[in-house]
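[1] Have a look at this fold, sequence not included:
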């Protein structure tokens with residue numbers, strides 16, 4: 001398995017993955033952090049995740065999405081690998097805490113297995129379009 005930086009040419013693939021998982025919609029490409037990670041094996045893209053550094057000790061690791069056509073076991077292995085790669089990059093950049101916002105219990109358990117802890121429930125995420 002290879003973990004590599006997300007490239008703009010990967011956007012079409014990850015958009016299809018998001019659309020395959022209603023109610024998810026693709027995040028606009030210009031919203032994505034330049035610090036993205038893609039897991040691949042045997043020429044198959046498995047998943048992607050992004051890291052937003054804030055210039056503080058706090059960062060955001062979010063928008064994990066996987067290829068619904070990839071083999072399940074490889075997909076899960078890739079998901080763990082990109083989470084760990086994003087956490088390692090954040091730590092190298094000086095982050096001491098990483099935030100993720102999830103809506104799926106399966107993903108919650110998956111993130112917990114990779115060092116995240118649930119801190120809040122029944123939250124509302126807000127967005128102001130500028």
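    Noted; the coordinates are in hand. Keep in mind that this is a model prediction, so the values were computed, not measured. Numbers count the residues shown, from 1 in each chain.

[2] mind listing the helices for the chain?
    Defined through DSSP state H, the helices belonging to the chain, from first to last, are 11-19, 72-92, 105-113.

[3] between these, which gets the lowest average pLDDT?
    Ranked on mean pLDDT, the bottom entry among the helices of the chain is helix 105-113, at a mean of 91.

[4] how about the strands in this protein?
    Listed in chain order, the strands of the chain (DSSP state E) span 2-5, 35-41, 44-53, 58-66, 97-99.

[5] Including mean pLDDT, could those strands go into JSON lines?
    As requested, the strands of the chain are exported to JSON lines (pLDDT from 0 to 100):
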{"stretch": "strand 2-5", "mean pLDDT": "98"}
{"stretch": "strand 35-41", "mean pLDDT": "98"}
{"stretch": "strand 44-53", "mean pLDDT": "98"}
{"stretch": "strand 58-66", "mean pLDDT": "96"}
{"stretch": "strand 97-99", "mean pLDDT": "96"}
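
[6] Can you tell me which of those is nearest to residue 119?
    When these are compared for distance to residue 119 using C-beta to C-beta, the nearest one is strand 97-99, at 8.9 Å. Every C-beta, even on glycine, is put in place using the N, C-alpha and C of the backbone.

[7] Show me what counts as buried in the closest one.
    Buried residues in strand 97-99, defined by neighbour count with 16 or more other C-beta atoms under 10 Å: residue 98.

[8] ok, that strand: who's next to it in the sheet?
    Looking at strand 97-99 with DSSP bridges, its paired strands and their directions are strand 58-66 (parallel).

[9] which outside residues touch the strand it pairs with?
    The set of residues external to strand 58-66 that reach it, using C-beta atoms under 8 Å, 6 or more residues apart in numbering, is 14, 17-18, 21, 24, 27, 32, 46-54, 75, 78-79, 82-83, 86-87, 90, 93, 95-101, 107.

[10] and if we set it to 7 Å?
    Identification of contacts with strand 58-66 by C-beta atoms under 7 Å, 6 or more residues apart in numbering yields 14, 17-18, 27, 46-53, 75, 79, 83, 86-87, 90, 95, 97-101, 107.
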